[in-house]
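1. Next input, structure requested:
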Amino acid sequence: MTVELLLQTIVNATYAASYMALIAVGLVLIFGVMGVINFAHGELYMAGAYVIVALYAGSGVPFFLAVFAGLIFVGLLGLLMEYGLFRPLRENPLGGLIASIGFLLILQTVAVLGFGIRMRHVPPATQDTIVFMDGVVLTYQRLYVIVATVILLTALWLFLRKSKFGWALRACAQDREAAALQGISINQTARLAMFIGAALAGVAGALTAPLVAPTPFMGHAVIITAFIIIIVGGIGSLGGAVLAAILYAFVYTFVTTIYDGTLANIVGLLLMLIVLIVKPTGLFGAKERA
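-> Numbers count the residues shown, from 1 in each chain. From the prediction side, this is the model:
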């Protein structure tokens, strides 16, 4: 592998780690606070991409305004899921999981009816690129994803650490019953967690839409990758999800570059299995208290 190819692979892996981290962190936040596995999370990513198809590619809305619209729209979808699906089934985690699968199918059907089943081309916001060493290329579109991820995850970290709403989310994630006894509203924290988690997935879909050619079924691969990442990082650990996203993206990208994508998928699963054998709770997961 030449130096240029090595650096290009690192650039590609950094981009992949960025949007994977957004999706995985959102999924971990929802699970941590609400205790529900949201199988429709990949379709929330898909919904964000189709907001860009409709507003930016279809109606000429400026790209970043369309991305913001995607954040709000998918966040509101998350609120709808929390109120209509997860809240009534709060004491039945399996029921919530099954309900999320049903919502997944609804979102896919809506996308097919509204946009068709074929891939949709979305032009990049700009054709500009940054070139290093006369051979290593970073497009501005990928740079937007990387920068947005750093900003959003930093803002989320500050929100969780410095605000009373962030403290409430962390308290519910640690012990919902104890948090409720302290006067924290479980419904309010669930709504907030669902909005933020869904919005992060929506932003990831919106920012990557010009790079991935949206389809109604693009959420399948994304949700599998997200589950691998949160298992490797440790279920319930936001920091673990970020570090696992970086680890998985670099492993996957390097294997794809050197060999092919099929082998990269197998290596990704092997990575998860190795971590579970060595540390069953994941890299940063904690054992459940009896």
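2. Could you find the closest non-adjacent residue to Phe64?
-> Closest residue in space to Phe64, ignoring its immediate chain neighbours: Ala125 at 7.5 Å, by C-beta to C-beta, 6 or more residues apart in numbering. In this view, the C-beta of every residue, glycine as well, is placed from N, C-alpha and C.
3. List the buried residues of whichever helix or strand Val112 is part of.
-> Taking DSSP states H and E as the definition, Val112 sits inside helix 93-115. Buried positions in helix 93-115, judged by neighbour count with 16 or more other C-beta atoms under 10 Å: 96-97, 99-100, 103-104, 107-108, 111, 115.
4. Just list the residues touching Ala241, thanks.
-> Contacts for Ala241 were tallied using C-beta atoms under 8 Å, 6 or more residues apart in numbering; they are 21, 24-25, 27-28, 229-230, 233.
5. Lowest average confidence across helices and strands of the chain, where is it?
-> For the chain, scoring each helix and strand by mean pLDDT, DSSP states H and E identifies helix 176-181 as the least confident one, at a mean of 82.
6. Show me what that one is packed up against.
-> Other elements packing on helix 176-181 under the criterion 3 or more C-beta pairs under 8 Å, 6 or more residues apart in numbering; DSSP states H and E are helix 164-174, helix 186-212.
7. Serialize the buried residues of helix 93-115 to TSV and add fields for pLDDT and distance to Lys162.
-> Supplementary listing: the buried residues of helix 93-115 in TSV, determined by pLDDT from 0 to 100; distance: C-beta to C-beta, whole Å:
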residue	pLDDT	distance to Lys162
Gly96	84	30
Leu97	87	33
Ala99	90	34
Ser100	91	31
Phe103	92	33
Leu104	93	34
Leu107	93	34
Gln108	94	38
Ala111	93	37
Phe115	91	40
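8. will you turn these into JSON lines that also has distance to Tyr140?
-> Formatted as JSON lines, these follow (distance: C-beta to C-beta, whole Å):
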{"residue": "Gly96", "distance to Tyr140": "40"}
{"residue": "Leu97", "distance to Tyr140": "39"}
{"residue": "Ala99", "distance to Tyr140": "40"}
{"residue": "Ser100", "distance to Tyr140": "35"}
{"residue": "Phe103", "distance to Tyr140": "34"}
{"residue": "Leu104", "distance to Tyr140": "32"}
{"residue": "Leu107", "distance to Tyr140": "30"}
{"residue": "Gln108", "distance to Tyr140": "31"}
{"residue": "Ala111", "distance to Tyr140": "27"}
{"residue": "Phe115", "distance to Tyr140": "26"}
